[in-house]
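Asks: Sequence and predicted structure, then a few things I'm wondering about:
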Amino acid sequence: MTATVRDNPAENRYEIEEDGQRVGIAVYRLDGDTIAFTHTEVDPAFGGRGLARRLVTTALDDARRRGLAVLPFCPYVRKVIAENAETYLDLVPPAQRHRFRPA
């Protein structure tokens, strides 16, 4: 099975599809040069396969490519950033990091 992630700016979300079926989303708000991730979910039938992590890391990599600051309101996005601080923590503005400690 092949999973792909794409930004769907009309819906303000990244989507992950497996064999053409949308199985997860990462919802965001874009405000200028800041992207605020608010919610992530993957269909439970597709759980345990790393799809949520792939969705979030792809979205974070895209935010970096686009030069966006990240505000991780979503607990799962916060968790991924905390577990991969050396790769992603710099996306969160230093003055905002205290607001986004992992739960």
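Replies: Sure, I can see it.

Asks: give me the low-pLDDT residue ranges for this structure?
Replies: Applying pLDDT under 70 to the chain picks out residues 1, 102-103.

Asks: please redo it, this time with the cut-off set to 50
Replies: For the chain, applying pLDDT under 50 flags no range at all.

Asks: Could you identify the longest strand within it?
Replies: The residue-count maximum for a strand in the chain (DSSP state E) belongs to strand 21-31.

Asks: Check which helices and strands that strand sits against.
Replies: strand 13-18, strand 34-42, helix 51-65 (3 or more Cβ pairs under 8 Å, 6 or more residues apart in numbering; DSSP states H and E). C-beta here means a position set from N, CA and C on the backbone, and glycine is covered the same way.

Asks: if we go to 10 Å?
Replies: Using 3 or more Cβ pairs under 10 Å, 6 or more residues apart in numbering; DSSP states H and E, the elements in contact with strand 21-31 are strand 3-8, strand 13-18, strand 34-42, helix 51-65, strand 69-72, helix 75-83.

Asks: can you give me how far the fourth one is from the chain middle?
Replies: Right, helix 51-65. Its chain's C-alpha centre and that of helix 51-65 lie 5 Å apart, by Cα atoms, centre = their mean, to the nearest Å.

Asks: and the angle from it to strand 13-18?
Replies: Here helix 51-65 runs at an angle of 130 degrees relative to strand 13-18 (axes from the mean of the first three to the mean of the last three Cα atoms, to 10 degrees).
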